[in-house]
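Novice: Dropping a prediction and its sequence here:
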Amino acid sequence: MENIKSITKEDIKEKLLNALKGMYAKELPDATMNQKYEAFSKVIRDYISEGWLETNKQYREKKVKQVYYLSMEFLIGKLLERNLINLGIRELAKEALADMGIDFGEIVEEEPDAGLGNGGLGRLAACFIDSLSSLELPGHGCGIRYKYGLFRQEIKNGYQVEVPDLWLKERYPWEVKKENRGVKVRFGGDAYVATVRGHLKVVHENYYTVKAIPYDIPISGYQNNTVNTLRLWSAEADTDEFDFVNFNSGHYMQSVEGKYTAELISQVLYPDDSTENGKQLRLKQEYFFVSSSLQAIFNYHRELGIDFKRLDDYVAIHINDTHPALAVAEIMRLLIDEEGLKWEEAWEITQKVCAYTNHTIMEEALEKWPIQMFKKLLPRIYLIIEEINRRFCQEVMNKYLNWNVVNRMSIIEEGLVRMANLAIVGSHSVNGVAALHTEILQKKELRDFHEFYPGKLNNKTNGITHRRWLIKSNPALSAMLDTHIGTDWRKDPVSLEKLMEFKEDHSVLKKLAKIKHENKVELARYIKEKNGIEVDPNSIFDVQVKRVHGYKRQLLNCMHILYLYKKLKKDKDFDIHPRTFIFGAKAAPAYYFAKNVIKLINTLGEIINNDPDINDKLKVVFIENYSVSKAEKIIPAADVSEQISTASKEASGTGNMKFMMNGAVTLATLDGANVEIHNLVGDDNIVLFGMTSDEVISLYENFQNDTHKFIESNPEIAELIASFVDGSLGVVGSEFSDICRYLLEENDYFFVLKDFWAYVEAQNKIEELYRDRERWNEMCLVNIAKAGYFSSDNTISKYARDIWDIERESI
Ligand code: 26V
């Protein structure tokens, strides 16, 4: 990295003018805003490039052990401002641009959000690679360069409409195409074992190849010289060679198939969607990026001349959820077929190199592939998995002498390849993402494995990067922290705890409240501009932003809003502190219930916001197209953080941590990382409600939630549900049929009704606490002070030490 201190304002200005000339042959006055953004980003990328070269050089020369975080999703959001912060030149750059008559805010807005992920899992991967660089740890991301990110959401007449996200429409200034580092990935054909010159050998023939081209994005660290790499692979047709083998043997279709379908592979990110499960294209994507990443890693280490029997001294491979689980079989293939190792040797190395994180216990997200489809697409990989499974089942049988156990643990069963089992068997570490989640894995979901492999299952509670979620998104709070507790927290977020000293300091509490208020004014302005709704910054900003899912229970939030609305209608003097309920959420395109919930939120908004009887005591706002950048605007302005999942279902949650770090009070069930938030802040600084995970789990053991009976004995709830169909929400009776079916026919599988009164009570408590403003501000302070524990730096240090065995390498 160019010496930070040597970067001057004049230097930035000169480089920007040169870049505009070089890239577009334009002078500043003629350049469009997008051209200014691209040229400016190129200038910043050039500043980073030196550190990038140096980092790679040192890693190579010293042959340091590196981790590769394999993930189908990297929700990195915008990079320009983050890079300026890391270079330590955010203010300098703002001034330089201002001198040239360019508004920094407008430049930043030009950057597309790289939305290459669905939600929590993808954002976690982005926080993790951020932390790796800031901690000077040798670690990189490997994923897919989707041409279209997650769909863009438009709201039309209250409904979600999906439109393609063309984030690559303009040139993306952060990536570097590495044509010469391309590799080829094989699909289809036949694989079998044959005797070649007296030796048993695996033959794979009649396959077609797809070219994988890497695009590298530099990931700079916070005010250090480390610049790691996020490598995203793009699929291209392999035009180098015509497939004569197939052509001549009459496999005409096979010979041309690869050519026409290749580019489809990196076209689109799958929306997290149960009904889309089992798509062959997704399996193709998985093997495509796993194989290309590993081939590149092997090529690099061949160049280094390492002994592949000691691969684990140089490489750690992380499998982010089951999506890259094929890494286990691909490493075996490379070690055996290409490096000539024996099975036993290769297997020992593979297990030492691989580690897997489980992110959910939701059945629908557990990947299972039909054998026939698998065999046809990946015949050599299938043979390897069969052999892994044969040996594994033998071991299980030897230990338990029980077929039931073998069937439960087997990788191939009931005509399906179970990816989670493959990942567990092939890894030396399997981790959950919050203490409660890990406990559920150990005691329930993965109990057999926990018994079979004692010590393999461990916990690594998730984290978030405070650089994006505090330094970048809440500059006012960051500056205030610097003033009162010094700047140590920027490099060591646990020292946010120093803020505790000011717990009873009125002037500090007042300052915190003022910052929150200003952030609320800013969000209110945004809402006015985008939604045309006037919201009062003095009202409580009560926020639920996350993907829509039954278990996340946006419906519970909605039913409480409806309950308040009805109460206010009946009794105009009903005294409540004004509230603004803010939602942001995308629904998977084929998840009809979730889409119905979006329509419900918007319908409530339509009715409540325009009802003069309500007199602005309630407002409901739906923020369209929730994304990383939207989160950065919304979270710093929140008073209440809604974390209300059915206990046991949310593996961790990471939004909960972002809100906490920005001084919101969590309203929560004891689920995922909420449990740990509670332990940190104590009973007085969080509002809890609802069934515990043990209660929920025991109810599921014999699920027969008779909602009809429940409704009969709860007339108030009956009335709320009736309003979904009686036209009182101003829509036809069948509008909310998916929600009604969920409540009545699916028997409220996520216990919205069972937890309803507890939630109402918790909301009352929020109100009571908020009215005592001094007390409320104190709660905010404690939440900020304790949030450093959830820094992803903390999390990544533990992965580095306990799982990957990698060390700091100062550049
Ligand atoms: C599943 C599928 C199924 C097939 C189609 C595409 C697709 C994409 C993603 C998924 C699994 C999503 C799992 C996930 O995002 N889990 C979340 O992980 C967060 C980070 O660990 C955690 O905080 C959340 O609680 C957990 O829900």
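Specialist: Received it, and whenever you're ready, just let me know what you need.
Novice: Can you report phi and psi for the nearest residue to Lys177 once chain neighbours are set aside?
Specialist: Sequence neighbours aside, Tyr215 is the residue nearest to Lys177 in space, at 5.3 Å (criterion: CB to CB, 6 or more residues apart in numbering). Backbone N, C-alpha and C define where each C-beta goes, glycine included. Taking degrees, to the nearest 10, you get phi -120, psi 120 for the backbone angles of Tyr215.
Novice: Now do the same contact list for Tyr215.
Specialist: Residues counted as contacts of Tyr215 (CB atoms under 8 Å, 6 or more residues apart in numbering) are Arg145, Glu175, Val176, Lys177, Lys178, Arg231, Leu232, Trp233, Ser234.
Novice: Ok, Ile739 next?
Specialist: With the criterion set at CB under 8 Å, 6+ apart, Ile739 makes contact with Leu555, Phe593, Asn596, Val597, Leu600, Phe724.
Novice: For burial, what's the neighbour tally of the residue of the stretch 401-550 of the chain at minimum distance from the ligand?
Specialist: With CB to the nearest ligand atom, the shortest gap between the stretch 401-550 of the chain and the ligand falls at Val433, namely 4.0 Å. Applying other CB atoms under 10 Å, we find 29 residues neighbouring Val433.
Novice: List the contacts of it.
Specialist: By CB under 8 Å, 6+ apart, the contact list for Val433 reads Leu124, Thr357, Asn358, His359, Asn459, Lys460, Thr461, Asn462, Ala651, Ser652, Gly672, Ala673.
Novice: Need the nearest residue in space to it, chain neighbours excluded.
Specialist: Here the nearest residue to Val433 in space, its sequence neighbours aside, is Ser652; by CB to CB, 6+ apart that works out to 4.1 Å.
Novice: helix, strand or coil for that neighbour?
Specialist: What DSSP: H, G, I helix; E, B strand; the rest coil gives for Ser652 is coil.
Novice: ok, it to the ligand distance?
Specialist: Per CB to the nearest ligand atom, to the nearest Å, Ser652 is found 4 Å from the ligand.
Novice: Next: Met660.
Specialist: With distances taken as CB to the nearest ligand atom, Met660 is found 14 Å from the ligand.
Novice: wait, isn't that residue in contact with Tyr789?
Specialist: No - counting by CB atoms under 8 Å, Met660 does not reach Tyr789; the two are 9.6 Å apart.
Novice: what does stretch 438-447 contact?
Specialist: For stretch 438-447, the surrounding residues in contact (CB under 8 Å, 6+ apart) are 358, 361, 424, 430-432, 450, 457-459, 648, 693, 697.
Novice: Mind checking the pLDDT average for that stretch?
Specialist: Across stretch 438-447, pLDDT averages out at 96.
Novice: buried ones in that stretch?
Specialist: Thr438, Glu439, Ile440, Leu441, Gln442, Glu445, Leu446 (16 or more other CB atoms under 10 Å).
Novice: number of nearby residues for Lys658?
Specialist: Lys658 is flanked by 29 other residues according to other CB under 10 Å.
Novice: How about the contacts made by it?
Specialist: Taking CB under 8 Å, 6+ apart, we find Lys658 in contact with Ile464, Trp469, Ala631, Ile635.
Novice: go on, Arg468?
Specialist: Neighbour list for Arg468: Gly77, Arg82, Cys127, Asp130, Glu632 [criterion: CB under 8 Å, 6+ apart].
Novice: just checking, next helix/strand downstream of the helix or strand in which the last one is found?
Specialist: In this case it means Glu632. Element membership for Glu632 (DSSP states H and E) is helix 628-634. Sequence-wise, the next helix or strand downstream of helix 628-634 (DSSP H and E) is strand 640-643.
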